[in-house]
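Novice: Quick one, fold the following:
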Amino acid sequence: MHNNHSKSTHILIYVFLTLGILGLIDSLYLAYAYFTGTPLSCELISGCNEVAQSPYSHIAGVSLPMLGVIYYIFAVSNALLYLYTKSMYAATILAFATTVGFFASAYFVYAQLFLIGAICMYCMFSAFSATILFLIGTFIRTHHITYHDNYSLEQVSE
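Specialist: A predicted model of the protein is given here:
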């Protein structure tokens with residue numbers, strides 16, 4: 001049981017890290033465009049710049065792309081911490097951070113669809129990434145508890 005749990009968790013952490021790094025790159029590109037005023041390159045969907053220049057592109061004076069950069073750095077760092085320590089603390093923080101990221105992304109998708117009326121493909125990729133990170137973070141936290149509780153019980157009974 002230990003081997004299968006460990007192997008699946010490692011695979012999920014590497015998927016998490018890959019998506020987290022891609023999300024970070026995406027957010028860095030959006031932040032660069034935001035701060036330099038450079039139009040986004042929107043080849044697939046034409047609404048990127050409308051979304052990026054909308055009143056919903058910042059919260060309390062902080063740009064959403066910068067919040068994305070901070071989120072992805074935090075998530076990737078915490079995933080690395082969990083990978084190397086298998087700490088319950090890291091699993092809990094990972095689940096909490098990805099939950100916040102998921103609900104924030106859900107709101108931003110809502111804003112694109114219903115408040116702005118335009119879609120940013122970079123923002124949608126970030127929302128997709130945040131959703132998968134949330135699922136993985138929740139899975140790891142839930143299975144970390146289950147595995148360690150069961151493993152502890154098996155150790156006691158031997």
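Novice: Could you check how far the closest residue in space to residue 52 that isn't next to it in sequence is from residue 48?
Specialist: Closest residue to residue 52 in three dimensions, ignoring its sequence neighbours and counting by CB to CB, 6 or more residues apart in numbering: residue 40, at 5.7 Å. Where C-beta positions appear, they are placed from N, C-alpha and C, glycine not excepted. Residue 40 is 4 Å from residue 48, where distance means CB to CB, to the nearest Å.
Novice: Now the common contact residues for these two.
Specialist: Taking CB atoms under 8 Å, 6 or more residues apart in numbering as the criterion, residue 40 and residue 48 both touch 120, 122.
Novice: coming back round to it: now the residue nearest to residue 52, what's its secondary structure?
Specialist: Counting by DSSP: H, G, I helix; E, B strand; the rest coil, the backbone at residue 40 sits in coil.
Novice: Go ahead and name everything in contact with stretch 24-34.
Specialist: So stretch 24-34 is contacted by 38-40, 52, 57, 63-66, 68-69, 71-73, 76, 122-123, 125-126, 129 (CB under 8 Å, 6+ apart).
Novice: do that again at 6 Å, thanks
Specialist: Outside of stretch 24-34, the residues within contact range by CB atoms under 6 Å, 6 or more residues apart in numbering are 40, 63, 65, 66, 68, 69, 72, 122, 125, 126.
Novice: CA-only coordinates of that stretch, as CSV, when you get a sec.
Specialist: Presented in CSV, the C-alpha positions along stretch 24-34 are these (Å, rounded to 0.1, in the frame of the first residue of the first chain):
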residue,chain,number,x,y,z
LEU,A,24,3.4,31.0,-13.4
ILE,A,25,4.7,31.6,-16.9
ASP,A,26,1.2,32.5,-18.0
SER,A,27,0.8,35.0,-15.1
LEU,A,28,4.3,36.5,-15.8
TYR,A,29,3.3,37.1,-19.4
LEU,A,30,0.1,38.8,-18.3
ALA,A,31,1.9,40.8,-15.6
TYR,A,32,4.5,42.0,-18.2
ALA,A,33,1.7,43.1,-20.6
TYR,A,34,-0.2,44.7,-17.7
